[in-house]
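Enquirer: take a look and give me a structure for this.
(4 chains)
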2 protein chains.
Amino acid sequence: MAEPDTPLHSTAPAPLAVTRRLSLLLARADKEILARAAPGLAELDLTGRQYHALAVLADDKPGSQLELATALGVLPAIVVTLVDDLETRGLLERQRDPRDRRRQNITLTQSGHQLLQQADALAATVEAEVFAGIDEAAQQQLRQTLIDAFANRPRH
Amino acid sequence: MAEPDTPLHSTAPAPLAVTRRLSLLLARADKEILARAAPGLAELDLTGRQYHALAVLADDKPGSQLELATALGVLPAIVVTLVDDLETRGLLERQRDPRDRRRQNITLTQSGHQLLQQADALAATVEAEVFAGIDEAAQQQLRQTLIDAFANRPRH
DNA sequence: TATTGTTATACTCTATAACTATA
DNA sequence: TATAGTTATAGAGTATAACAATA
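Expert: The predicted model follows:
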């Protein structure tokens, strides 16, 4: 229902910069979700990247730190300190691959899995908050389109 | 068509970490697009953020640097050097607002608009590349869902 | 007294290259 | 000779606080 002061045939508002550009829209979505999740993650002593790493380690079981680096989209040198920290906190364990001693096999410990579960619960809450006004079908479609475009594609 | 070695009733593959979590999916989408656009933007001497700033300045015409900072999601102190650089390159002009001399009115110059146009063309190319396999309706739906969830929402 | 913009600075993060060990 | 992991370090980017100008 129109506000009393709103003309019936108002001119359409000029589109915002961000709505005209899908790239910026995606950038904003990412930033917004991270900003909302960051305080909760901080209570778990996790950065967004550390959460990402735990998720990849739990589900994708990369066979080396290099694979983990690729999955996260960061340099191998970064992964070393990232994994160092999580290992010190007892969230994962490193073990040299006996068949190729250059590789580190990384497995989440029980507390690693537990912490991931907490982080997932938090992420789910944030997602529910952000997509509160969006109907279920649109949310499902959003997920599927992103999977089709990004998740099944080899990284370059 | 199935590969010869693929069993007809193979067990469904465990979902990748990123496909189970919408937040990570969005993070990956953002990262992927930025990674693909970065080299082209670098040829225009632009970072992703500078491109974002040009787009906001052109379309949203923020009335102060603080508004620009909010739109970009960065701290006011960051905007100073950001705008400094673009001003030095003749892409925009600062002018004190005569009605409130604390505020800086920022307007894109002609070359600022031209550079933005080039960056937009590049972004469009990258988007077309990334969403090549996605049908037009799904792309449109993706855009609309993101607008509904993020663009019409006051920043917090 | 509050707000906008600015500067300085300490801090964190990142990228690069060199190195060890394994293959 | 190539690859996985590691380390050191220089450079880039960020956050924080203090300040000037204006309201």
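Enquirer: switch to C-alpha atoms for all contacts and neighbour counts from now on
Expert: Fine.
Enquirer: separation between A:Gln104 and DNA strand C?
Expert: 11 Å (CA to the nearest atom of the strand, to the nearest Å).
Enquirer: bridge partners for that residue, pull those for me.
Expert: A:Arg96 (DSSP bridges).
Enquirer: distance of it from A:Gly63?
Expert: Distance, A:Gln104 to A:Gly63, using CA to CA, to the nearest Å: 7 Å.
Enquirer: more neighbours, these two?
Expert: In this view A:Gln104 and A:Gly63 are compared by other CA atoms under 10 Å in any protein chain shown, and A:Gln104 has more residues nearby, 18 against 15.
Enquirer: hang on, isn't that one packed against A:Ser64?
Expert: Yes. Taking CA atoms under 8 Å as the definition, A:Gln104 is a contact partner of A:Ser64 at 5.3 Å.
Enquirer: would you map the strands across chain A?
Expert: Ranges of strands within chain A are A:92-97, A:100-108, based on DSSP state E.
Enquirer: up against DNA strand C, what does chain A have?
Expert: Within chain A, the positions near DNA strand C by CA under 7 Å from any atom of the strand are A:Val74, A:Leu75, A:Ala77, A:Ile78, A:Pro98, A:Arg99, A:Asp100, A:Arg101, A:Arg102.
Enquirer: burial count for the first one?
Expert: When you say that, I think you mean A:Val74. Using other CA under 10 Å, A:Val74 has 13 neighbouring residues.
Enquirer: ok, now the one 10 residues further on?
Expert: Other residues near A:Asp84 come to 14 when the count uses other CA under 10 Å.
Enquirer: coming back round to it: dump the residues of chain A next to DNA strand C into CSV; add pLDDT as well.
Expert: Output for the residues of chain A next to DNA strand C, formatted as CSV (pLDDT from 0 to 100):
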residue, pLDDT
A:Val74, 97
A:Leu75, 98
A:Ala77, 98
A:Ile78, 98
A:Pro98, 97
A:Arg99, 97
A:Asp100, 98
A:Arg101, 98
A:Arg102, 98
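Enquirer: ok, of those, which one's closest to B:Asp120?
Expert: Lowest distance from B:Asp120 to the residues of chain A next to DNA strand C (CA to CA) belongs to A:Val74, with 26.5 Å.
Enquirer: check contacts around the closest one.
Expert: With contacts defined as CA atoms under 8 Å, 6 or more residues apart in numbering or on different chains, A:Val74 has no neighbours.
Enquirer: also A:Lys31?
Expert: By CA under 8 Å, 6+ apart, the neighbours of A:Lys31 are B:Gly73.
Enquirer: quick check: A:Gly90 touching A:Gln110?
Expert: No. Proximity of A:Gly90 to A:Gln110 does not meet the contact threshold set by CA under 8 Å, at 9.0 Å.
Enquirer: what about A:Leu22, distance to B:Thr109?
Expert: A:Leu22 sits 24 Å away from B:Thr109, going by CA to CA.
Enquirer: then A:Leu116?
Expert: Distance of A:Leu116 to B:Thr109, given as CA to CA: 49 Å.
Enquirer: near DNA strand D, which residues of chain A?
Expert: Counting by CA under 7 Å from any atom of the strand, the residues of chain A near DNA strand D are A:64-67, A:76-81, A:102-105.
Enquirer: from those, which ones fall inside helices?
Expert: A:Gln65, A:Leu66, A:Glu67, A:Pro76, A:Ala77, A:Ile78, A:Val79, A:Val80, A:Thr81 (DSSP state H).
Enquirer: could I get the residues you listed as a markdown table with neighbour count and distance to B:Ala55?
Expert: Converted to a markdown table, these look like this (neighbours: other CA atoms under 10 Å in any protein chain shown; distance: CA to CA, whole Å):
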| residue | neighbour count | distance to B:Ala55 |
| --- | --- | --- |
| A:Gln65 | 19 | 38 |
| A:Leu66 | 18 | 37 |
| A:Glu67 | 14 | 36 |
| A:Pro76 | 16 | 34 |
| A:Ala77 | 11 | 34 |
| A:Ile78 | 10 | 32 |
| A:Val79 | 19 | 34 |
| A:Val80 | 13 | 37 |
| A:Thr81 | 11 | 37 |
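Enquirer: of all the residues you listed, which two lie farthest apart?
Expert: Farthest apart among those - using CA to CA - are A:Glu67 and A:Thr81, which lie 15.3 Å from each other.
Enquirer: the residue nearest to A:Gly63 when sequence neighbours are not counted: what's it in contact with?
Expert: The shortest distance from A:Gly63 to any non-neighbouring residue, by CA to CA, 6 or more residues apart in numbering or on different chains, is to A:Asn105 (5.9 Å). Taking CA under 8 Å, 6+ apart, we find A:Asn105 in contact with A:Pro62, A:Gly63, A:Ser64, A:Gln65, A:Arg94, A:Gln95, A:Arg96, A:Asp97.
Enquirer: brilliant, that's me finished.
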